[in-house]
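In: Have a look at this fold, sequence not included:
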């Protein structure tokens, strides 16, 4: 990374922060190479590293979880390539603030100083406000760096995305979080008052969020502790971290997808984990029950017909018991589905049958299975030749039930798993009787 800054004017030394400033601010990196956990972007071969080496930035959207360095990277980018840095937040800014930011950027451009405009929480601007960025990005008035925790493909206009490069920041791994703790200890000139086990628990509790971790570290440094805390003592000392989960945003869809696919993949441990993630984060239990029921008919089907009954029984149990007791019934249904034999034969058959029905929806059924409630209908052949299957040998006549202009179709093809193995054997026996009849 050292050569990334060759030929660049050194960034002006930042004003010293007051001692009462939060630890996260006092430890904020002063150069890109000090940013931890995002080396795939800031390294020599990363997108940001290459842009800095060339001395030219393109507009970009920094997408990543909270506390991963989006704001820090934007500020350091401006310093690294000699741009004026301006920042606004979509949470607190409106149209007037945007117009002011663009006007100031244009004034500085006339003086030969281009502007990097950092827009925090850019996804919170509505579509019309996002369109307002386009002319200023296109004519080079600003280099836009937007930060978002939400999937840009869902939250940002296609026109804006086409003019910006989306760069994905990773949640900080254990090594990166340990680096932050080490820097804090060096600044405080003392170790954290934690046992090794409690230190591990602290890192795990951060869930990849560097800012959260440093806030917790600052809390620990703010008190005098005679003995290092153990994990249980640490848990009671620090506030519990609330799971990051927006029920109407991408996190919601990511987790329900993970739950459904873990069930389909017959991994009961993973399925229970994602179910727990959603329930502990406040997901509506009835929503999860609906999705489990869908998995029962889509991915288990007739391989185990009891799967659907288990889900419906879990819904009844939850209605009867409520939370938290009723959540055990939801967990039981989840485990039943994950451990059941799997078949999507009914799901596939439904799609094939629906498609054929749309294509051939005007065909009459064969005359032998038409109802004949009137004399005229009997005279023209309705019901003629109908065979009552219960009177046939083996309870199976082998008669034709397809329209005259539509040959028999195969929609449902049972697997050899679970109950469907017996269904497949039964269907094969019926098919053999039909062939004997036709012969």
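Out: Cool, the structure landed. Because the structure is predicted, anything quoted here is derived from the model rather than measured.

In: Report the contact partners of residue 401.
Out: With contact set as CB atoms under 8 Å, 6 or more residues apart in numbering, residue 401 has these partners: 365-366, 369. C-betas here are computed from N, CA, C, even on glycine.

In: Next, it: secondary structure please.
Out: coil (DSSP: H, G, I helix; E, B strand; the rest coil).

In: Out of the contacts of residue 401, which end up buried?
Out: Those of the contacts of residue 401 that meet the buried threshold are residue 366, by 16 or more other CB atoms under 10 Å.

In: Quick one: the contacts of residue 401 as TSV, columns for distance to residue 143 too.
Out: Below are the contacts of residue 401 laid out as TSV (distance: CB to CB, whole Å):
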residue	distance to residue 143
365	68
366	71
369	72
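
In: between the contacts of residue 401, which is nearest residue 407?
Out: Among the contacts of residue 401, residue 366 lies closest to residue 407 (CB to CB), at 11.9 Å.

In: I'd like the distance between the closest one and residue 373.
Out: As judged by CB to CB, to the nearest Å, residue 366 and residue 373 stand 18 Å apart.

In: where do the helices sit along the stretch 1-150 of the chain?
Out: 23-26, 39-42, 47-54, 70-81, 95-110, 127-131, 134-138 (DSSP state H, counting those that start in this stretch).

In: Need the contact partners of the fourth one.
Out: The list of residues contacting helix 70-81 from outside it, by CB under 8 Å, 6+ apart, reads 4-5, 8, 11-12, 28-32, 35, 38, 41-42, 48, 51-52, 55-57, 62, 64, 83-85, 87, 116, 118, 120, 145, 147, 169.

In: same thing with the first one?
Out: With contacts defined as CB under 8 Å, 6+ apart, helix 23-26 is touched by 17, 184, 187, 210-211, 214-215, 217-218, 221.

In: Of these, which belong to helices?
Out: 184, 187, 210-211, 214-215, 217-218, 221 (DSSP state H).

In: Pull the distance from the helix or strand hosting residue 154 to the chain's centre.
Out: For residue 154, the element it lies in under DSSP states H and E is helix 152-155. Centre-to-centre, helix 152-155 and its host chain are 12 Å apart (CA atoms, centre = their mean, to the nearest Å).

In: any idea which helix or strand comes after that helix?
Out: Heading C-terminal from helix 152-155 (DSSP H and E), you reach helix 158-161.

In: which non-adjacent residue is nearest residue 327?
Out: residue 279 (6.0 Å; CB to CB, 6 or more residues apart in numbering).

In: burial of that neighbour, as a residue count?
Out: 17 (other CB atoms under 10 Å).

In: That one touches residue 287, doesn't it?
Out: No. With contact defined as CB atoms under 8 Å, residue 279 does not count as touching residue 287 (10.4 Å).

In: returning to that earlier point: in CSV, list the contacts of helix 23-26 along with pLDDT, neighbour count and distance to residue 418.
Out: Below are these laid out as CSV (pLDDT from 0 to 100; neighbours: other CB atoms under 10 Å; distance: CB to CB, whole Å):
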residue, pLDDT, neighbour count, distance to residue 418
17, 55, 12, 65
184, 94, 21, 55
187, 91, 12, 61
210, 92, 25, 48
211, 91, 20, 49
214, 93, 24, 52
215, 91, 17, 51
217, 93, 23, 53
218, 92, 16, 56
221, 90, 17, 58
